[in-house]
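Participant: quick one, what's the 3D model for this:
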Amino acid sequence: MMREESIIKTSDGIDVFCKKDIPDNPIAVIVIVHGFAEHLARYDYFVQKLNENQIACYRFDNRGHGKSGGLMLHVESYNDYINDADLIVQKAKDEFPNLPLFMFGHSMGGFITAIYGEKFKDRLDGQIFSGAATDEPPQANPVLKTVINICNALFPKMRIKNDLSALISRDIDVVNKYRNDPLVHDKATARFFKQFIIEGMTYLKNNTKEYKYSCLILHGKEDKLVRYSSSENFYNNISSTDKQIKIYDDLYHEILNEAEKDIVINDILVWINNKVNN
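Facilitator: Residues are numbered from 1 along each chain as shown. Coordinates of the predicted model:
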């Protein structure tokens, strides 16, 4: 078993904090892309289970998140997230050129993963989505969009509070740990929201037909932060010929942090093993 932390510098000089966990004799590699306001360490249990099944894991803190550089919860362009993810993909490909390579994206990480799939059609062997933000959140009404546009035009680095904690999981311990995590933040800039909710989401939806990867789309039916219909719409509109979707009854947004997480992880492992062995 090999574990290693490193820093990758982006083309615009941001330090991206990375971690890799490599089991002996891996059969596949996965790049994990975390969601809004969180960080890579919240996927420790998931990584442990993947490693136990001989899957090598690469993960990183998105710029402005966790231990990575950049202004907290700020991004100049949503494309920065996509290009940063590609740096990690290229690192994984360079170090394990002969193994199948997958990408997993949760929530905003699913947004990044989806656009990555639309832009880079030949980098991966498949993608997995968890509560992916592939459509506008329920709160993104015309009034909110107008406010975001005005704030971005006048004060792009003005901070807007967005506390998601109560709705991430039914497990109160998960919620409390999230709330007390010093690497979790809840105030993003107006520029971030403009790039994520408006510019990035418009690109994602306008290019859905360009998406052709083999994919596994997972979502909690009781997700109050990203509607499960977002995943259903994405599934119905992509051009992939090999695609699966599963909606879990009762689960909230963080399906990997619910009591049923081992069921979800097993579904992911079955899907990856089917890809590796076929």
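
Participant: check contacts around the residue nearest the centre of the chain.
Facilitator: Geometric centre of the chain, nearest residue: residue 109, 1.7 Å, by Cα atoms, centre = their mean. Residues in contact with residue 109 (Cβ atoms under 8 Å, 6 or more residues apart in numbering) are 32, 33, 34, 35, 62, 130, 132. Quick note: C-beta positions are derived from backbone N, CA and C, even for glycine.

Participant: could I get the helix or strand hosting it in CSV with only the CA atoms?
Facilitator: For residue 109, the element it lies in under DSSP states H and E is helix 108-119. Coordinates of the C-alpha atoms in helix 108-119 are reproduced here as CSV (Å, rounded to 0.1, in the frame of the first residue of the first chain):
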residue,chain,number,x,y,z
MET,A,108,-20.4,20.3,-7.8
GLY,A,109,-17.7,17.6,-8.5
GLY,A,110,-20.4,16.0,-10.7
PHE,A,111,-20.8,19.3,-12.5
ILE,A,112,-17.0,19.3,-13.1
THR,A,113,-17.1,15.6,-14.1
ALA,A,114,-19.9,16.1,-16.6
ILE,A,115,-18.3,19.1,-18.3
TYR,A,116,-15.0,17.2,-18.3
GLY,A,117,-16.8,14.4,-20.1
GLU,A,118,-18.2,16.8,-22.7
LYS,A,119,-14.8,18.4,-23.3
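
Participant: after it, which helix or strand is next?
Facilitator: strand 126-130.

Participant: and the angle for that following strand with helix 108-119?
Facilitator: 150 degrees (axes from the mean of the first three to the mean of the last three Cα atoms, to 10 degrees).

Participant: how far out from the middle of the chain is strand 126-130?
Facilitator: Strand 126-130 sits 9 Å away from the centroid of its parent chain (Cα atoms, centre = their mean, to the nearest Å).

Participant: now for it, which elements pack on it?
Facilitator: On a contact count with 3 or more Cβ pairs under 8 Å, 6 or more residues apart in numbering; DSSP states H and E, strand 126-130 meets strand 101-106, helix 108-119, strand 215-220, helix 261-277.

Participant: what is the burial count for residue 148?
Facilitator: Here the number of neighbours of residue 148 (other Cβ atoms under 10 Å) works out to 21.

Participant: once you drop chain neighbours, what's closest to it?
Facilitator: residue 193 (4.8 Å; Cβ to Cβ, 6 or more residues apart in numbering).

Participant: for stretch 192-200, what is the average pLDDT?
Facilitator: Taken as a whole, stretch 192-200 has a mean pLDDT of 96.

Participant: distance between it and the chain's centre?
Facilitator: So, by Cα atoms, centre = their mean, the centroid of stretch 192-200 is 15 Å from its chain's centroid.

Participant: and if you look at stretch 134-146?
Facilitator: 19 Å.

Participant: restrict that stretch to CA atoms and write it as CSV.
Facilitator: Only the C-alpha atoms of stretch 134-146 are listed here, as CSV (Å, rounded to 0.1, in the frame of the first residue of the first chain):
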residue,chain,number,x,y,z
THR,A,134,-26.1,18.7,-13.7
ASP,A,135,-29.0,21.2,-13.5
GLU,A,136,-29.6,24.4,-11.7
PRO,A,137,-30.3,24.0,-7.9
PRO,A,138,-33.9,24.5,-6.7
GLN,A,139,-32.9,28.0,-5.3
ALA,A,140,-31.7,29.3,-8.7
ASN,A,141,-34.8,31.3,-9.6
PRO,A,142,-34.7,34.4,-11.9
VAL,A,143,-34.5,36.8,-9.0
LEU,A,144,-31.4,35.0,-7.5
LYS,A,145,-29.7,34.9,-10.9
THR,A,146,-30.3,38.7,-11.3
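
Participant: pull out the buried residues from that stretch.
Facilitator: Under the neighbour-count criterion of 16 or more other Cβ atoms under 10 Å, stretch 134-146 has 134, 135, 136, 137, 140, 144 buried.

Participant: same question, stretch 87-106
Facilitator: Under 16+ other Cβ under 10 Å, the buried positions of stretch 87-106 are 87-89, 91-93, 96, 99-106.

Participant: that older thread, quick one: work out the angle between the helix holding residue 109 and strand 101-106.
Facilitator: 140 degrees.

Participant: quick one, what contacts residue 58?
Facilitator: Neighbouring residues of residue 58 by Cβ under 8 Å, 6+ apart: 18, 19, 20, 29, 30, 31, 32, 88, 91, 92.
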